[in-house]
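Engineer: Mind folding the following:
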Amino acid sequence: MNNRGGFTDLFIFIIFSLVIVFISGIFIFLGGRITSELHEKLDGQMYGDRNATEVVNNSIGTLNNSYQALYWISIFLMVGMVISIFIGSYLVTTKPVFFIPYIFITIIAIIVSVGISNAYEQIISTPLLADTFAGFVGANFILLNFPIWITVIGIAGGVIMFVRMGNK
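Structural biologist: Here you go, the predicted structure:
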């Protein structure tokens, strides 16, 4: 009822894609770093009848193993956002006059995505973070080809939105 959204979905997709990948990357990086530092500092020490290495493996090591799922969770969240953009475009009822602003918004989103894609490429090529971000296979594919993805999503979302406008 009176939905006028759908125009900002591309920018929300851009922002949340970056946030999801960076937060997941921070968790994975810090988990691995903390585990290796604890092993380095506590190696061979005993606490009562427990070995410190065993305690680290059973506590922080298990948490670090669960963080490995973030590699695939991030890509599924991004694909889910793309699907929600298409569903939202289908559910939005709009007038033909809004086609021109939609094209301008899509062009602006494409221009913004070019800069974000280049910046992301520099971040993942940093030697300190390269190992962490190498595991984001799907997310790297989307973010390194972000202008193409934003173009396809924007055009497909616009087609879905404006083709449906006669079916009210």
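Engineer: So for Arg4, what's the pLDDT?
Structural biologist: Confidence at Arg4, expressed as pLDDT, is 53.
Engineer: in which helix or strand would I find Phe7?
Structural biologist: Using DSSP states H and E, Phe7 falls within no helix or strand.
Engineer: List the first helix or strand encountered after the longest helix seen in the chain toward the C-terminus.
Structural biologist: Assignment by DSSP state H gives helix 9-42 as the longest helix of the chain. Next helix or strand after helix 9-42 toward the C-terminus (DSSP H and E): strand 46-47.
Engineer: and that following strand, which strands flank it?
Structural biologist: Its sheet considered, strand 46-47 pairs with strand 50-51 (antiparallel) by DSSP bridges.
Engineer: what's in contact with the helix or strand bottoming out on mean pLDDT in the chain?
Structural biologist: One helix or strand of the chain scores below all others by mean pLDDT, DSSP states H and E: strand 46-47, with a mean of 70. For strand 46-47, contacts defined as C-beta atoms under 8 Å, 6 or more residues apart in numbering pick out Ala52, Val55. To be clear about C-beta, it is placed using only N, CA and C from the backbone, and glycine gets the same treatment.
Engineer: pLDDT below threshold where in the protein?
Structural biologist: Counting by pLDDT under 70, the chain shows low-confidence ranges at 1-6, 48, 164-168.
Engineer: switch the cut-off to 90
Structural biologist: For the chain, the stretches with pLDDT under 90 are 1-9, 31-32, 34-68, 88-102, 129, 158-168.
Engineer: all helices of it, in order?
Structural biologist: Assigned by DSSP H, the chain shows helices spanning 9-42, 52-58, 60-67, 70-91, 99-124, 127-134, 137-144, 146-163.
Engineer: Can you add mean neighbour count and give those back as CSV?
Structural biologist: Listed next are these as CSV, based on neighbours: other C-beta atoms under 10 Å:
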stretch, mean neighbour count
helix 9-42, 17
helix 52-58, 15
helix 60-67, 15
helix 70-91, 16
helix 99-124, 15
helix 127-134, 13
helix 137-144, 18
helix 146-163, 18
